[in-house]
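Chemist: I'd like to go over a predicted model; first the sequence, then the structure.
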Protein chains: 2
Amino acid sequence: MFPLEQHILRALDGSVRSLARLITRIENSPDEARQIVKQVYHQGGHAHVVGITGPPGSGKSSLVTELAKAIRKRSLTVAIIAVDPTSPFTGGALLGDRVRMRDLSGDKGVFIRSMASRGQLGGLAQATGAVVQLLDAAGYDVILVETVGAGQAEVDIAAAAHTTLVIEAPGMGDDVQSIKAGILEIADILVVNKADRPGVERTVNALRSMLQLGPTGGTRHHGRIVQNHVTLEEQDPDAWQIPVHKTSATTGTGIAELVDLITRHARHLRDTSQWLEREKQRGQKELEVLLFDHFLRRFRSELPVEYEQQIIEAIARRELDPYSAIDQLLAQTNQ
Amino acid sequence: MFPLEQHILRALDGSVRSLARLITRIENSPDEARQIVKQVYHQGGHAHVVGITGPPGSGKSSLVTELAKAIRKRSLTVAIIAVDPTSPFTGGALLGDRVRMRDLSGDKGVFIRSMASRGQLGGLAQATGAVVQLLDAAGYDVILVETVGAGQAEVDIAAAAHTTLVIEAPGMGDDVQSIKAGILEIADILVVNKADRPGVERTVNALRSMLQLGPTGGTRHHGRIVQNHVTLEEQDPDAWQIPVHKTSATTGTGIAELVDLITRHARHLRDTSQWLEREKQRGQKELEVLLFDHFLRRFRSELPVEYEQQIIEAIARRELDPYSAIDQLLAQTNQ
């Protein structure tokens, strides 16, 4: 086995095999993730990171595959990270991924990787962040970070992007639960996929009215949603109008136009100096995630396992409340 | 305004108004959450905590409402916590909740509350944990914790229960993404809701075969999934056979039987001494969440805001990688 440095040099030099190895090492060891990011970070900063999220059943995976193909047609290289926090067992190979692999295989300009949770709070977000940095440094033009589900973890991961796509499908908009202010809040582009199915206009209209009337307003400005109560004349020219765009991954409808929208959003960010704002948000998220990991690991290393077990037992027996338990644990570790 | 202690006394004495106030204070202040849990924790431990999760569109909210009504018919009191990590704006009143309120209003044996994220990693899980402790101490027999979506945060929250229901709906099972090993892993009872719709048997069968053949096996034993490769004779009598149960919140089909299953699971946990194991798991989860909050808050309190901003700016400009930034920040705070 090559030492880490060799793999890094090779990965930055275009070796997909070394890249894959490094990602495995990032997943398995926070220490190696640290070493890798420290070495490659200054070489990154060129990739356009696109987060893609939305509920199950919205056809995200197929859409991402088609998106990758359309981006490739413009002679840009693309990396796909499929993040699945709910599947601790899947390791590196989801079924959807294998289907995708088949569709995109043979194209050296595409790199695909699934990442699943190792069960640790914050662990997946940390690993995903490190992998994005590595792929960026390795020279991929566009990095598509696809998250399954719509929970906080996915929102966090998707939000650590320059451009965030939220995918819906016809019919889902009818359910109160399925379109959420919080999910709309992170969207730069709203996509109604499966546009060949009935009910698509209803979903598009529902999303449009939520954008106009809902608490999220209809524009994103410097990374924050602003209320959209101003008239067109008064509107800030720096504000991004969130488009609602129809696609069908099966028929290919709207895919090329979606690439246009994504490109337009990147240009908008650069033209209005919001790109740096997004970079700062990404940096801040990453800091928080790393801090938590640092504290938890140091804490664990100082604490005898048996002692933690005793404390947990006492909590379960209601002899000790969790807050007093923390006090005792902290006293024990001199923190 | 009453002091905190007054509200606690009144809430434990049955005042719904004081209970609601205390929950608001838990949401707004980790310090008050701490004080409240410290005071009430030893009085809890009687409630049966039931986590309910599943993808958007599975009809969770309606099912939970019907479930609450059916539990009430058995003369048990019930509290519903609807956790929505994706909606930072909603505060205490989701649309679905208002519909529910109308259905269940006037019944003093039901308490309903929505909780939304305050945007802080771990903050929602912490607040939810504290609210469960408070409702338990206040004497509710059954606490239904409903989470929207299927991300890690929801899985964590739902898993901090004695019994976890995973809800699916017909048609969703056809999508590779919608039934996940990780989601099945936490299920004690699998519910196919909207059973009046076509395709229900297909979804039931898909779930059954995933339980039998998938990486999650078909039984839960002492809180962990075990592979189900043994014959019936060899099977551990302590293992819980995960049922796949059909319901329809609209027609009422299967709701009473679902209450039976939930009750049976609680009895199973107690009979096989797995109840304490679940309590320990809950304690451990809560410890982790509180630890993170502790570290983050202490760290922030020691660090000048401007300094953190400078660091973030340097990361965004690629002058500093996030890991080296952590080193610098930690040096600054003597941690």
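Modeler: Nice, I can see it.
Chemist: alpha carbons only for contacts and neighbour counts from here, please
Modeler: Fine.
Chemist: and whichever strand or helix holds residue A:115, what's its mean pLDDT?
Modeler: Residue A:115 belongs to strand A:110-116 when assigned by DSSP states H and E. For strand A:110-116, mean pLDDT is 85.
Chemist: Who are the packing partners of the one helix or strand residue A:190 maps to?
Modeler: Using DSSP H and E, residue A:190 sits in strand A:189-192. With contacts taken as 3 or more CA pairs under 8 Å, 6 or more residues apart in numbering or on different chains; DSSP states H and E, strand A:189-192 sits against strand A:163-168, helix A:200-213, strand A:244-246.
Chemist: quick one, domains of chain A?
Modeler: Structural domains annotated on chain A: A:44-274, A:303-332, as defined by automatic domain parsing.
Chemist: from these, which stretch is densest packed?
Modeler: Of all the domains of chain A, domain A:44-274 has the most neighbours on average by mean count of other CA atoms under 10 Å in any protein chain shown, namely a mean of 20.
Chemist: Now do the end-to-end distance for that one.
Modeler: Terminal residues of domain A:44-274 lie 18 Å apart, using CA to CA, to the nearest Å.
Chemist: Following the chain past the helix ranked longest in chain A, name the next helix or strand.
Modeler: In chain A, assigned by DSSP state H, the helix with the most residues is helix A:274-302. Proceeding N to C from helix A:274-302, the next assigned helix or strand is helix A:305-316, under DSSP H and E.
Chemist: other SSEs contacting that next one?
Modeler: Counting contacts by 3+ CA pairs under 8 Å, 6+ apart, helix A:305-316 packs against helix A:322-332, helix B:274-302.
Chemist: hmm, try it at 6 Å
Modeler: Under the contact definition 3 or more CA pairs under 6 Å, 6 or more residues apart in numbering or on different chains; DSSP states H and E, helix A:305-316 sits against helix B:274-302.
Chemist: Can you tell me who the closest residue to residue A:265 other than its chain neighbours pairs with across the strands?
Modeler: Distances taken as CA to CA, 6 or more residues apart in numbering or on different chains place residue A:163 nearest to residue A:265, at 6.9 Å, with adjacent residues excluded. Counting by DSSP bridges, residue A:163 forms beta bridges with residue A:50.
Chemist: Contacts only, for the closest residue to residue A:112 other than its chain neighbours.
Modeler: Closest residue to residue A:112 apart from its sequence neighbours, by CA to CA, 6+ apart: residue A:80 at 4.7 Å. By CA atoms under 6 Å, 6 or more residues apart in numbering or on different chains, the contact list for residue A:80 reads A:112, A:143, A:144, A:145.
Chemist: Same question for residue A:323.
Modeler: Residue A:323 is in contact with no residue at all, counting by CA under 6 Å, 6+ apart.
Chemist: and if we set it to 10 Å?
Modeler: Residue A:323 makes contacts with A:315, A:329, B:33, B:34, B:35, B:37, B:38, B:41, B:286, B:287, B:290, B:291, as judged by CA atoms under 10 Å, 6 or more residues apart in numbering or on different chains.
Chemist: Please export the C-alpha coordinates of the strand holding residue A:115 as CSV.
Modeler: The C-alpha trace of strand A:110-116 is given here as CSV (Å, rounded to 0.1, in the frame of the first residue of the first chain):
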residue,chain,number,x,y,z
VAL,A,110,-17.1,11.4,-14.1
PHE,A,111,-16.4,10.2,-10.6
ILE,A,112,-19.1,8.6,-8.5
ARG,A,113,-19.1,7.7,-4.8
SER,A,114,-21.6,6.8,-2.2
MET,A,115,-21.1,7.7,1.4
ALA,A,116,-23.0,6.3,4.3
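Chemist: How far away from the center of its chain is that strand?
Modeler: 12 Å (CA atoms, centre = their mean, to the nearest Å).
Chemist: what lines up beside that strand in the sheet?
Modeler: Assessed with DSSP bridges, strand A:110-116 is paired to strand A:78-84 (parallel).
Chemist: any low-confidence regions in chain A?
Modeler: Scanning chain A for pLDDT under 70 picks out A:1, A:56, A:84-102, A:117-123, A:148-159, A:172-184, A:213-237, A:334-335.
Chemist: I'd like to know which elements the longest helix of chain A is packed against.
Modeler: Identification of packing neighbours for helix A:274-302 by 3 or more CA pairs under 10 Å, 6 or more residues apart in numbering or on different chains; DSSP states H and E yields helix A:30-40, helix A:123-137, helix A:152-159, helix A:255-271, helix A:322-332, helix B:274-302, helix B:305-316, helix B:322-332.
Chemist: thinking again about what came up before, against chain B, how distant is the residue nearest to residue A:265?
Modeler: According to CA to the nearest CA, to the nearest Å, residue A:163 stands 16 Å off from chain B.
Chemist: residues in contact with that residue?
Modeler: For residue A:163, the contact set (CA under 10 Å, 6+ apart) comprises A:48-52, A:144, A:186-189, A:262-263, A:265-266, A:269, A:275, A:278.
Chemist: With residue A:251 instead?
Modeler: For residue A:251, the contacting residues are A:194, A:195, A:196, by CA under 10 Å, 6+ apart.
Chemist: from those residues, which is closest to residue A:249?
Modeler: Nearest to residue A:249 among the contacts of residue A:251: residue A:194, at 6.8 Å, using CA to CA.
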